[in-house]
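Engineer: Provided below are the primary sequence and the corresponding predicted coordinates.
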Amino acid sequence: MPRPVARLVGLILLGSLGSLGSLGSGCGPEGPDTGEWPLGGAHGLNHPNPLVAKHVKQQPVSYPLRFVLMADTHHPTGDATFATLRQQILQLEPPPAFIVVVGDFVETGAAQEHKGYLALIDPFPIPIFSGIGNHEMYPGNRKNYELFHGPEDFSFSVGSCRFVYLNDIIPRRNGLTDLQLDFLVAELADPATPNRFVLMHAPPPVIPPPWGPPPFFNEERLYRAVENAGVRLVASGHVHEFRHALVRGVHYALVSGGGGNQDPLLQDPTSQGIFHHFVLVTVYADGKAKLEVVKEGELAIPDPNYTIWL
Ligand SMILES: [Fe+2]
């Protein structure tokens, strides 16, 4: 199915699910938690994403609010690193409210891989959202993402924070459709959630991979949307390293050291690094926020060289 058509079908599906409410709460607390997921997937503690959102919403919100972002955990090849990072996350005190894996949590998107990945995350005691990346979209397997995890584009709120996940993968030309950008702008408009975070697997060209940015459809409109909304952070994966840039008031970061192979050709200038890691984001009651990098094997201790105030 051509991508715009698939997107439209997904949005129509969301709109048709009374229990999911409007697009603005596509992954909100109203999601079903029992019975059959509309597309036939099985339920577990950490899937599909609407159920995860419901669990997060049921937790009391306290500040500082802490959550983890990571990407490219790549089951099964990245399992060892992903296991180590999960153990480090469990050592965080206080524990983060939830984790978002920003794409590429499996290798090819085959159903067996999704089941293997869910066997890893479902028993984990911290809620985990699983966003789509290019490795979940191998030919013939894209449908499995929605089957096991829910809509490709979704959003949820926790306290003062709004999170919007968008599928920006288009082979050889990443980007977002007009419909997605309309969705993004609407999702970022609620004054009750002024701390806004945008998540998508492929980084926009302002934070390009070392081999250069591919064309990015609707690039300028994306920048305008996140700048106008005062987005705190746009977090991506895809490149298997940590990287950060501050561009026209918006922080962009690659949080993609979750376990996937790391290219020896990558460079390592200041404020980025080729190492396996996750990032811990802390949002304080007064609106201050910071991003910290925790490297694989270094317990739960952030590396002070990579602390960024958002
Ligand atoms: Fe990856």
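Structural biologist: That came through, no problem.

Engineer: alpha carbons only for contacts and neighbour counts from here, please
Structural biologist: Noted.

Engineer: next structured bit after the strand or helix carrying Leu120?
Structural biologist: For Leu120, the enclosing helix or strand under DSSP states H and E is helix 111-121. Downstream of helix 111-121, the next assigned helix or strand under DSSP H and E is strand 128-130.

Engineer: Check the stretch 151-300 of the chain for the residue nearest the ion and tell me.
Structural biologist: Residue nearest to the ion within the stretch 151-300 of the chain (C-alpha to the ion): His238, separated by 4.6 Å.

Engineer: who's in contact with that residue?
Structural biologist: Residues near His238 by C-alpha atoms under 8 Å, 6 or more residues apart in numbering: Ala71, Asp72, Gly103, Asp104, Gly133, His201, Ala202, Pro203, Leu254, Ser256.

Engineer: For the strand or helix carrying Val185, which residues meet the burial criterion?
Structural biologist: Applying DSSP H and E as the criterion places Val185 in helix 178-187. Of the residues in helix 178-187, Gln180, Leu181, Phe183, Leu184, Val185, Glu187 count as buried by neighbour count, 16 or more other C-alpha atoms under 10 Å.

Engineer: contacting residues around the first one?
Structural biologist: This points to Gln180. Leu166.

Engineer: The helix holding Val185: how far from the chain's middle?
Structural biologist: 17 Å (C-alpha atoms, centre = their mean, to the nearest Å).

Engineer: same check, this time on stretch 194-210
Structural biologist: Taking C-alpha atoms, centre = their mean, the mean C-alpha location of stretch 194-210 is offset from the chain mean by 10 Å.

Engineer: middle-most residue in this structure, spatially?
Structural biologist: When C-alpha atoms, centre = their mean is applied to the chain, the residue found nearest the centroid is Val102 (3.2 Å).

Engineer: Ignoring the adjacent residues along the chain, who's closest to that one?
Structural biologist: The shortest distance from Val102 to any non-neighbouring residue, by C-alpha to C-alpha, 6 or more residues apart in numbering, is to Ala71 (4.6 Å).

Engineer: and the gap between the one you found and Pro302?
Structural biologist: Per C-alpha to C-alpha, to the nearest Å, Ala71 is found 17 Å from Pro302.

Engineer: for Gln272, same thing?
Structural biologist: Between Gln272 and Pro302 the computed distance is 14 Å (C-alpha to C-alpha).

Engineer: just Ile170 next, same as before
Structural biologist: The value you get for Ile170 to Pro302, if C-alpha to C-alpha is used, is 34 Å.

Engineer: contacts for the helix holding Leu120?
Structural biologist: Defining contact as C-alpha under 8 Å, 6+ apart, one finds that helix 111-121 is touched by Asn46, His47, His75, Pro76, Phe105, Val106, Glu107, Ile128, Asn141, Asn144, Tyr145, Phe148.

Engineer: Can you tell me which of those lies closest to Ser155?
Structural biologist: Nearest to Ser155 out of the contacts of helix 111-121 is Ile128 (C-alpha to C-alpha; 13.8 Å).

Engineer: With adjacent residues omitted, what lies nearest to that closest one?
Structural biologist: Counting by C-alpha to C-alpha, 6+ apart, Ile99 is the residue found nearest to Ile128 once chain neighbours are left out, at 4.7 Å.

Engineer: and if you look at Asn195?
Structural biologist: Residue nearest to Asn195 in three dimensions, not counting chain neighbours: Cys161, with 4.6 Å by C-alpha to C-alpha, 6+ apart.

Engineer: Kindly report the same for Gln262.
Structural biologist: Spatially, and ignoring its direct neighbours in sequence, Gln262 is nearest to His240 (5.7 Å; C-alpha to C-alpha, 6+ apart).

Engineer: so who does the one you found touch?
Structural biologist: Listed by C-alpha under 8 Å, 6+ apart, the contact set of His240 reads 71-72, 254-263, 274, 276.
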